[in-house]
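Colleague: Next come a sequence and a model predicted from it.
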Amino acid sequence: MEKLALKEKIGYALGDGAANIAWRGVATFLFIFYTDVYGINPAAVGLLMLIARFSDGIIDILMGILCDRTNSKYGKFRPWILWTAIPLGITLSMLFTTPNLGPTGKIVYAYATYLIFFLVYTANNIPYGALMAVMTGDDKERTSLGSYRMVGAFTGGMLVQGALLFLVAQFGNINPSIAVEKIDSKKYEVTVSTSHDVKNVNIKTKDGIALFTWANTAKADSLNVPTQGKSFSMEAKKEYSFIVAGEENLVDKKITIVDQKRGYSNAIYLLSVFLALFLMVTFAATKERVKPPKEQQTNLGKDLKDLIRNRPWIVLLVIGMLFNVYNSIKQGIVVIYFSHYLHNQLLAASFMIGLMLASIAGAMITSPLGKRFGKRNLFIYALLFSGAVNATLVFCGPGNITGIFVIGIISEFAAAIFPTLFFAMLGDAADYSEFKNGRRATGLVYSAGSFATKFGGGIAGAIIGFVLAAFHYNGQDEVSIQGAIPGIVMLMSWIPTIITLIAAGIMTLYPLNQKKMNEITLELNNRRSKELA
């Protein structure tokens, strides 16, 4: 029942900050990186995410078993956080590295690096999640720790989602030749060239206001849609001309051209360093206190039997998968939505920062709301509210920036409650198993969290890929992009909402209300006191 010091809670929170540099970096940017920058078909990307995450989700169970059988002077779970800190940063960097390969080679490389990344992520994240359940035996203190954890998670997410696109612009600068010729007060012809081939660049003005159309090229005949920037490939010493309208006093210094391959790679390399450092702090700042019952013998068969009879765990497994489908669809489509529907990719960074700030507020309010309504009821209310608000994005046009921000922030405030409650409730499920069966397998129980997260993200990636493929989306061809706009809007609005309605119905089956948890906590503390006597 020991209360946790503030510095230990913050130290633990930094671990999820690190995990979310990796997780949100992949969930938010990898899909558009694969399709728009690396040139992989969206359906192939969706299938990759589904297959890889399902297979890796199976490994989660094995990792939970391994953690429960790890014995070291540092405990069962903390050592894994230290051992995987640097490998996780390296494998994240590999995902955003683009070797020069053919279509088949790109797919092979994507599968290999994706699988390796999630293998290392599993070895890091399951012990990290399980550590929460053994830092304290007080379920209310665990809910408080969960709030700190989610603040750390959302801060890490804000770091990657808010900074990455700006780092891409900084690291991807190609120092091009730019000529600006004035046509009238708000219209210019801009001609650009570079000394070397660049496979994928993005051109826009720094203010992001001006509209670009092609001029004096073959593309102007088939593609002359005004947008706040253009993505294309540049050949060495070849000139590319645009008509740019909507900004006054345009000069070459106000034009940005970014090599997205180099920009993404270098930005992720930098963030990976912070990831590794945060995990090392988590290892040093935390302590394991709750031990399995002294008389408990290692028995995998009994552990698995207890697990499949653990009704709270079964319900949480399904709920975790569903709310991660919901969150991952929204995260995976947001950059595509802002890039191709609003034609302002950098504005996506501001949007995601707004969502992260709302998420931090949602995580902080979860503990008092959980005490007021109970964890199960609060989960249901949050699912219904977040989904209903998010569906209204379907009514927002490209010019309704304020409405999009307001709807997104309100929806995300409620959505932040999902993971905050989920990981605290997994600890409750571990307590329930010990209460009912006299045995505790914390790592195995927490493997549900990682499995649900990964498999839910895989389903979300498949949904995004298949919907975009159905609308013939090709991230390197603007004609196909414009034709896929209805699918992009659907993925941003009402498609995720369907998931929350299903999840809310299933959550009604969760059996652990607050009265039951008070009974379980009291009984387990009495048992542990007798063991220490």
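Modeller: Alright, I've got the coordinates. Residues are numbered from 1 along each chain as shown.
Colleague: From here on, just use CA atoms for contacts and neighbour counts.
Modeller: OK.
Colleague: my guess is residue 233 is in a strand, correct?
Modeller: Yes - counting by DSSP: H, G, I helix; E, B strand; the rest coil, residue 233 is part of a strand.
Colleague: Any stretches of this protein with poor pLDDT?
Modeller: 1-2, 55-57, 216-224, 228, 294-299, 448-449, 475-478, 531-533 (pLDDT under 70).
Colleague: so where do the strands sit in the chain?
Modeller: Under the criterion DSSP state E, the chain contains strands at 177-184, 187-193, 198-205, 211-215, 230-234, 240-245, 255-259.
Colleague: How far off centre is the first one?
Modeller: If I follow you right, that is strand 177-184. 41 Å (C-alpha atoms, centre = their mean, to the nearest Å).
Colleague: tell me which residues of that strand are tucked away?
Modeller: 178, 180, 182 (16 or more other C-alpha atoms under 10 Å).
Colleague: I'd guessed the first one sits against residue 189; true?
Modeller: The reference is to residue 178. No - the criterion here is C-alpha atoms under 8 Å, and residue 178 misses it with residue 189 at 10.5 Å.
Colleague: follow-up on the earlier one: who wins for proximity to residue 464 among the strands of the chain?
Modeller: Proximity to residue 464 (C-alpha to C-alpha) singles out strand 230-234 among these, at 21.0 Å.
Colleague: ok, and for that closest one, which residues are buried?
Modeller: 230, 231, 232, 234.
Colleague: Looking at the residues you listed, which is nearest residue 407?
Modeller: Of all the buried residues of strand 230-234, residue 407 sits closest to residue 230, with 27.6 Å by C-alpha to C-alpha.
Colleague: residue contacts, that closest one?
Modeller: Shown in contact with residue 230 (C-alpha atoms under 8 Å, 6 or more residues apart in numbering): 202, 203, 204, 212.
Colleague: Let me know how buried the second one is, in neighbour terms.
Modeller: When you say that, I think you mean residue 203. 19 (other C-alpha atoms under 10 Å).
Colleague: Enumerate every residue touching the residue nearest to it when sequence neighbours are not counted.
Modeller: Nearest residue to residue 203, sequence neighbours excluded (C-alpha to C-alpha, 6 or more residues apart in numbering): residue 257, at 4.5 Å. Taking C-alpha under 8 Å, 6+ apart, we find residue 257 in contact with 173, 174, 175, 176, 201, 202, 203, 204.
Colleague: I'd like the distance between the third one and residue 201.
Modeller: When C-alpha to C-alpha, to the nearest Å is applied, the distance between residue 175 and residue 201 equals 12 Å.
Colleague: So which of those two has more stuff around it?
Modeller: Using other C-alpha under 10 Å, the more surrounded residue of residue 175 and residue 201 is residue 201, with 22 against 13.
Colleague: where's the more buried one relative to residue 473, distance?
Modeller: 18 Å.
Colleague: cool, and residue 158?
Modeller: From residue 158 to residue 473 the distance is 28 Å (C-alpha to C-alpha).
Colleague: Make CSV from the strands of the chain and add distance to residue 89 to it.
Modeller: Converted to CSV, those look like this (distance: least, C-alpha to C-alpha, whole Å):
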stretch, distance to residue 89
strand 177-184, 35
strand 187-193, 35
strand 198-205, 25
strand 211-215, 38
strand 230-234, 29
strand 240-245, 38
strand 255-259, 23
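Colleague: count of residues packed around the nearest residue to residue 355 once chain neighbours are set aside?
Modeller: Distances taken as C-alpha to C-alpha, 6+ apart place residue 409 nearest to residue 355, at 5.1 Å, with adjacent residues excluded. Neighbourhood size, residue 409 [other C-alpha under 10 Å]: 24.
Colleague: and residue 409, what is it in contact with?
Modeller: Contacts of residue 409 (C-alpha under 8 Å, 6+ apart): 354, 355, 358.
Colleague: and if you look at residue 211?
Modeller: By C-alpha under 8 Å, 6+ apart, the contact list for residue 211 reads 226, 227, 228, 229, 244, 245, 246.
Colleague: Show the buried residues in those.
Modeller: By 16+ other C-alpha under 10 Å, those give 226, 227, 228, 229, 244, 245 as buried.
Colleague: Any chance of a markdown table for these, columns distance to residue 46?
Modeller: Shown next, in a markdown table, are the buried ones among the contacts of residue 211 (distance: C-alpha to C-alpha, whole Å):
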| residue | distance to residue 46 |
| --- | --- |
| 226 | 30 |
| 227 | 27 |
| 228 | 28 |
| 229 | 26 |
| 244 | 35 |
| 245 | 37 |
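Colleague: Looking at the residues you listed, which is nearest residue 108?
Modeller: For the buried ones among the contacts of residue 211, the nearest to residue 108 is residue 229 (31.7 Å; C-alpha to C-alpha).
Colleague: ok, the closest one touching residue 207?
Modeller: No - assessed by C-alpha under 8 Å, residue 229 is found out of contact with residue 207, at 11.0 Å.
Colleague: Helices of the stretch 1-150 of the chain, residue ranges please.
Modeller: Applying DSSP state H, counting those that start in this stretch to the stretch 1-150 of the chain gives helices spanning 6-25, 31-32, 42-68, 78-83, 85-95, 103-135, 139-171.
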